[in-house]
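>>> Pasting the sequence and the predicted model now:
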Amino acid sequence: MSEAGVSIPVEVELMGIQEVLSWLKEQEWNFIDVESNSVQAIMEILKGLSVSTRVLLAEDIIIMSRQFTSIFFSHVRRSANTVAHALARVECSVTDRYIWPYNPPDSIIHVLHHALINYN
């Protein structure tokens, strides 16, 4: 959070990555590709270019990533990440936390379908 209480996008992205890595470890998944449309978040994880709260988040992610057999972090353009964007919109509109490990929410099925059809 910033001094005014407004979330800083890079910090929010790092918190999301941290949360998903924790969940994936609980599920005993070990071969992970982490993609983010935040180039700053990926750079902070890969190169440690961070300050303040970000350094703690990035360091925690680096420590957590050592628990996986294989993990890759990469930047993807937002236009290539339509499924994550649609899912983030769904999450912003609900008050409870949901995890959909097998069946996606109905509101993003059309986006998933389109992404799969256009996958190269």
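Here it is on my side, so go on.
>>> Would you mind measuring from residue 45 to residue 78?
Here residue 45 is placed at a distance of 18 Å from residue 78 (C-beta to C-beta, to the nearest Å). Quick note: C-beta positions are derived from backbone N, CA and C, even for glycine.
>>> more neighbours, these two?
residue 45 (23 against 11; other C-beta atoms under 10 Å).
>>> wait, the more buried one sits on residue 63?
No. Residue 45 lies out of contact with residue 63 (C-beta atoms under 8 Å); the separation is 11.0 Å.
>>> that's a helix at residue 33, yeah?
No. Read with DSSP: H, G, I helix; E, B strand; the rest coil, residue 33 is strand and lies in no helix.
>>> Bridged to it, which residues?
residue 72 (DSSP bridges).
>>> Report the contact partners of it.
Counting by C-beta atoms under 8 Å, 6 or more residues apart in numbering, residue 33 makes contact with 71-72, 74.
>>> Return the members of those classed as buried.
Buried by 16 or more other C-beta atoms under 10 Å: residue 71, out of these.
>>> How far does stretch 66-78 stretch from one end to the other?
Stretch 66-78 has its terminal residues 27 Å apart, counting by C-alpha to C-alpha, to the nearest Å.
>>> Other residues contacting it?
21, 24-25, 29-39, 42, 45-46, 65, 85.
>>> Narrow those to those in strands?
31-36 (DSSP state E).
>>> Return the closest of those with respect to residue 111.
residue 35 (15.6 Å; C-beta to C-beta).
>>> what about that closest one, neighbour count?
14.
>>> Can you spell out the domain ranges of this protein, please?
Using automatic domain parsing, the domain ranges for the chain come out as 1-76, 78-120.
>>> so which of these is the most packed in?
domain 1-76 (a mean of 15; mean count of other C-beta atoms under 10 Å).
>>> Out of the domains of the chain, point me to the one whose mean pLDDT is lowest.
Ranked by mean pLDDT, the domains of the chain bottom out at domain 78-120, with a mean of 70.
>>> now the strands: where do they sit in the chain?
31-36, 70-75.
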